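Enquirer: A structural model of the following input is requested.
(chains A and B)
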Protein chains: 2
Amino acid sequence: MASSSASSSDARGSASEPPLQPVRAAGEYDWYGVAHDCTVKLGMKLCGFLQRNTNSNSNGGDDHSGMVGSLNKQPGPGSPSGEQDQKPVRPELDFSTLYARDLLPNKNGEEITIEFLMEVADILLSYIRKTFDRSGKVLDFHHPHQLLEGIEGFSLELPDMPESLEQILVDCRDTLKYGIKTGHPRFFNQLSCGLDIIGLAGEWLTSTANTNMFTYEIAPVFVLMESLTLTKMREIVGWPNGEGDGIFSPGGAISNMYAVMAARYKFFPEVKDRGMAALPRLVMFTSECSHYSIKKAGGALGIGADNVILIKADQRGKMIPGDLEAKIIDAKQKGAFPFFVSATAGTTVYGAFDPLHPVADLCQQYGLWMHVDGAWGGGLLMSSKHRHKLSGVERANSVTWNPHKMLGVPLQCSAILVHEEGLLLSCNQMSAMYLFQPDKQYDTSYDTGDKVIQCGRHVDIFKFWLMWKAKGTVGFEAQINKCLELSEYLYNIVKKREGYKLVFNGEPEHTNVCFWYIPPSLRGMPPSEEWWQKLSRVAPKIKARMMESGTTMVGYQPQGKKVNFFRMVISNPASTRSDIDFLLSEIERLAEDL
Amino acid sequence: MASSSASSSDARGSASEPPLQPVRAAGEYDWYGVAHDCTVKLGMKLCGFLQRNTNSNSNGGDDHSGMVGSLNKQPGPGSPSGEQDQKPVRPELDFSTLYARDLLPNKNGEEITIEFLMEVADILLSYIRKTFDRSGKVLDFHHPHQLLEGIEGFSLELPDMPESLEQILVDCRDTLKYGIKTGHPRFFNQLSCGLDIIGLAGEWLTSTANTNMFTYEIAPVFVLMESLTLTKMREIVGWPNGEGDGIFSPGGAISNMYAVMAARYKFFPEVKDRGMAALPRLVMFTSECSHYSIKKAGGALGIGADNVILIKADQRGKMIPGDLEAKIIDAKQKGAFPFFVSATAGTTVYGAFDPLHPVADLCQQYGLWMHVDGAWGGGLLMSSKHRHKLSGVERANSVTWNPHKMLGVPLQCSAILVHEEGLLLSCNQMSAMYLFQPDKQYDTSYDTGDKVIQCGRHVDIFKFWLMWKAKGTVGFEAQINKCLELSEYLYNIVKKREGYKLVFNGEPEHTNVCFWYIPPSLRGMPPSEEWWQKLSRVAPKIKARMMESGTTMVGYQPQGKKVNFFRMVISNPASTRSDIDFLLSEIERLAEDL
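Expert: Below is the predicted model of the structure:
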């Protein structure tokens, strides 16, 4: 039974609907009006009649009326009070009496399946429209305890007995209603923002294909797409003919971990069988501004987080090569074995690019593996205007690059690229015979699953491949350039506008713009310790209010000695100058009394 | 430009279509006929007319005609030669002149977006129907080089310039055409089979919501769903009140790795900072029939694969507790530190359940962490009839359980459950300030992202939660019982039928049924070494022919001294006795001349 009807109505408030009749949120869409409703109703009637006459010739009597029926139920906003009176014209199916067991593979489940999935698609299309609608909110905030209590009948509890398909549709609507619209043009909270339509289509297809990447046997097309795409990415990195190896992994943290594993194996292949006990004390280096996953990898792989040595960064957040060299020498003197440097191309908070050539020089000089964590900044490689910021990346032994960040590919899509071919395989291979039979009839070099630490591996490639097809390399380039232009626009405002203070000087290299907002009560004072303490409470306060008002989202954090500041990042091609303007005016509005 | 039209036609052959007019594959669906076509066409005409009169009142002139239009283009099989002459009634949009840049966020992109996604949905719905259609094939096999050469115009190459939306739709059809229908009732190749419609709906929604699990801030609903579902799973494992901790991870191999990490940290918390160098030589134990991910975890985490000691299994594939004890004692005598036993509940090939109580006794006696790898067998916990096979699992310190296997949840969905609360967090936490700000306005204990080695984490929970809602606990139970009944049916046939030989005796405990098929030429002979050698080539040969004919799929492998045999596994609720019968008759047909 549908326990919640109010929850299926529009987040921005509309009259409550009668229970058990989930009516789709449509208050703001007047494009689908009475007219269409009429014609489809007419079509349906004719259709129903004609089908009765033709079903005798058909195999199972299935039809596509679900799709039309579901369309039909979308009430037009042109019918102001008509929604309640309008009798829904669903041709036959009443989801309140249907259950999962009635869907395919149920013998007569085809029609119900099609109509049910069309209903789901309707819900998603409505959500997609809202996502891009600036007059709608980014989120409808509730505290955990509120959602757990079952707000407006939306129960998260798992039942013993099945719920009707109608309730399942209500659950889908509610799930979206209380979630965050990460594709909204005013969502600036994470490095991965936006909702790419082609990528989304790719992900729908991926989940429908529902397969696994371990072998060519069960993922022939996806495995080849991965192979070609990785080659192309390595070409873009600058490795001749795209030589090397790689894999898509579940996120940048795991990609970075692969790099550490490959490096360790390169120096000490015995580690695989004999473990770290057989090795000298390994140390690795990364800048103090790098992503925490490097330290996590050190912890997980048995190297130890203490052996992940942090190198000083300059005021812009770039690794200082002199400090790297000093610490390599120091580690050697202390009897440790330095083996790995992770240079960051696009740090998480500042968006800084470490100087790759000097780092590469040191790696060469001291015989260290050079990794570039380009999870965030790797995308800039596709822009002829901005790729110089990663100059030297072609000298790296491995590169992490997350297309789900700057390229706007849906979550998740992260690649680890390794220059030396074969290393990933020999490092991770266990040759499970039930998967990787050598006596298959096809070229088993395409059974890539033994390169990874996973067994089953989600298909992350298709959405990216499809986006590349649809946009071309030039499309990605345009998208990236646009985001960087926007951040320059923001930077130029923040630099001059009263009440703002940049966290570091100089134009942004990536789309990160970091700033404090100084509320009226704190302006014009000398920055004492007390003043900084007060300022540190401003960003969290504004953010809390921002989430409660639901109008926009931007992240904040302290870094080193710098108290809480906002970090703006732009990776959503839907965002425009007006959204940047909106963000600033919203910060000012929310901080008026601070 | 659409480079391939033939490739968009039915896999089972149909006349080639004129180029640039991708016509959807529909040869086998006569449920959607001329009648419906006519009515919708009529509807469309009326619709177009009425819309012209109402668009002046509408906001942007959007309509839902795409959905009807796309429906309309589905040619009816009742129109044998009519397909070519039939003018597609697509109301306005010509995808051959439209590009990704015309979609949202393009200012006028809403209508194009809706219609494009409806086209994609049509393609997927058509695929779903085919998936459940026994008269259709499981796959259309091609060698890697054939697909790479661009079969029937299907080019995998990534272009510099964008391709039209029409070509993108063709690419989607081609991708599905050359893929494997893992949801087909006759696909028995992997532990994860089937295409659950509710789960699929859940995955479509997940990809549309496109968010990340690290914080409540950006995934409030999903984070709570995960928390409630994990609690319920722990209750089912048998931990009082569902106490403990857990996380959904990218697959069983990573879940097992988490277990090893948690155990190592429990004994030696200093490993996180100081690494394996600070520890004695650790050893861990798992049966020789266990999944290779345990050894992989040992290799990755710096323990060393040699320190993953394999325990002998009996003829059924169950770990022999006596050998475990002997090897624990032996390791201690050699100065190593035994810390971890992974017992398998449902081995990959035999489907064996290790004896959990005796293993638990030994773990208790020798102070070892007990892990249960129930990736495959965990599902049986939801069946009151079969859960006794995991008796003792409640004594484990950690459990891996993959709902994407026996419960039929779409890929991927794997849980690691840990009995001791707080361990995952303290083991993996790095407290990145840009994500896990302690001064947020909500209860930050729901920011679960610091428990994991990933940073961003895909939302794997929603599809599972939604399936649980839709089926109830009882629905999962029925599904599991049905699959196990089927395997019993298969076992009983194979036991008696001429030409079959079981790999091990006794009724299957899980759905795995392992057997050799002995072709006519090898029957009635004493099994010499040469005979076994010949037999070892039979399964690969049959499998190759099976894939080429595309009718069904089942896995094979050797194990230990046992030459290549078939491993049947049943986890698809769509499979029936007739599919089992079909598989056997197909094996016999394909091996007739062997």
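
Enquirer: nearest residue to whatever residue of the stretch 151-300 of chain A ends up closest to chain B other than its sequence neighbours?
Expert: Closest contact between the stretch 151-300 of chain A and chain B, by Cβ to the nearest Cβ, is at residue A:275 (2.8 Å). For the C-beta atoms, the positions are set from N, CA and C on the backbone; glycine is no exception. Excluding the flanking residues, the one nearest residue A:275 by Cβ to Cβ, 6 or more residues apart in numbering or on different chains is residue B:304, at 2.8 Å.

Enquirer: Report the separation between the one you found and residue B:574.
Expert: Distance of residue B:304 to residue B:574, given as Cβ to Cβ, to the nearest Å: 43 Å.

Enquirer: Which of these two has more residues huddled nearby?
Expert: Neighbour count, other Cβ atoms under 10 Å in any protein chain shown: between residue B:304 and residue B:574, residue B:304 has more, with 26 against 22.

Enquirer: Alpha carbons only: can I get stretch A:543-555 in CSV?
Expert: Presented in CSV, the C-alpha positions along stretch A:543-555 are these (Å, rounded to 0.1, in the frame of the first residue of the first chain):
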residue,chain,number,x,y,z
LYS,A,543,26.7,26.5,4.9
ALA,A,544,24.2,25.3,7.4
ARG,A,545,21.8,28.0,6.4
MET,A,546,22.5,27.4,2.7
MET,A,547,21.5,23.7,3.1
GLU,A,548,18.4,24.6,5.1
SER,A,549,17.3,27.1,2.5
GLY,A,550,18.4,24.6,-0.2
THR,A,551,19.2,27.2,-2.8
THR,A,552,22.9,26.4,-3.6
MET,A,553,25.7,24.4,-2.1
VAL,A,554,29.4,25.0,-1.8
GLY,A,555,32.1,23.3,0.3
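
Enquirer: buried set for it?
Expert: Residues A:543, A:544, A:545, A:546, A:547, A:550, A:551, A:552, A:553, A:554, A:555 are the ones in stretch A:543-555 that count as buried (16 or more other Cβ atoms under 10 Å in any protein chain shown).

Enquirer: Please list the members of those that lie in strands.
Expert: A:553, A:554, A:555 (DSSP state E).

Enquirer: Among the residues you listed, which one sits closest to chain B?
Expert: Looking across those and measuring by Cβ to the nearest Cβ, the closest to chain B is residue A:555, at 6.4 Å.

Enquirer: thinking the closest one is in contact with residue A:566, fair?
Expert: Yes. Residue A:555 is in contact with residue A:566 according to Cβ atoms under 8 Å; the separation is 7.2 Å.

Enquirer: residues in contact with residue A:213?
Expert: Applying Cβ atoms under 8 Å, 6 or more residues apart in numbering or on different chains, we find residue A:213 in contact with A:219, A:222, A:223, A:226, A:248, A:448, A:449, A:456, A:457, A:458, A:459, A:461.

Enquirer: restrict the residues you listed to those near chain B?
Expert: Filtering those for proximity to chain B (criterion: Cβ under 8 Å from any Cβ of the partner chain) leaves A:219, A:222, A:456, A:457, A:458, A:459.

Enquirer: Show the contacting residues for the fourth one.
Expert: Residues counted as contacts of residue A:457 (Cβ under 8 Å, 6+ apart) are A:212, A:213, A:214, A:248, A:250, A:449, B:250, B:251, B:412.

Enquirer: ok, the residue positioned nearest the centre of chain A - contacts?
Expert: In chain A, the residue lying closest to the centroid (Cα atoms, centre = their mean) is residue A:411, at 3.5 Å. Neighbouring residues of residue A:411 by Cβ under 8 Å, 6+ apart: A:192, A:404, B:210, B:211, B:212, B:456, B:458, B:459.

Enquirer: same question, residue A:468
Expert: A:229, A:232, A:476, B:158, B:159.

Enquirer: would you list every one of the strands in chain A?
Expert: Going by DSSP E, chain A shows strands at A:187-188, A:245-249, A:282-287, A:308-311, A:337-344, A:369-374, A:398-401, A:414-418, A:500-502, A:513-517, A:553-559, A:562-568.

Enquirer: so residue A:215 sits right up against residue A:434, yeah?
Expert: No. The criterion here is Cβ under 8 Å, and residue A:215 misses it with residue A:434 at 10.6 Å.

Enquirer: The two: which has the busier surroundings?
Expert: residue A:215 (24 against 17).

Enquirer: Tell me where the model's unsure across chain A.
Expert: Where chain A drops to pLDDT under 70, the residues are A:1-91.

Enquirer: let's go with 80 and repeat that
Expert: Residues of chain A meeting the criterion pLDDT under 80: A:1-92.

Enquirer: which one's the longest helix in it?
Expert: helix A:461-496 (DSSP state H).

Enquirer: quick one, that helix and strand A:414-418 angle?
Expert: When axes from the mean of the first three to the mean of the last three Cα atoms, to 10 degrees is applied, the directions of helix A:461-496 and strand A:414-418 differ by 100 degrees.

Enquirer: list the buried ones in helix A:461-496?
Expert: So helix A:461-496, judged by 16+ other Cβ under 10 Å, has buried residues A:461-473, A:475-481, A:483-484, A:486-487, A:489-491, A:493-494.

Enquirer: where do the helices sit along the stretch 51-200 of chain A?
Expert: For the stretch 51-200 of chain A, helices defined by DSSP state H, counting those that start in this stretch occupy the ranges A:65-72, A:82-85, A:110-131, A:144-148, A:165-177, A:197-209.

Enquirer: Serialize those helices to CSV and add fields for distance to residue B:499 and mean neighbour count.
Expert: Formatted as CSV, the helices of the stretch 51-200 of chain A follow (distance: least, Cβ to Cβ, whole Å; neighbours: other Cβ atoms under 10 Å in any protein chain shown):
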stretch, distance to residue B:499, mean neighbour count
helix A:65-72, 46, 25
helix A:82-85, 66, 12
helix A:110-131, 36, 23
helix A:144-148, 58, 16
helix A:165-177, 45, 24
helix A:197-209, 35, 26
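
Enquirer: Cool, thanks, talk later.
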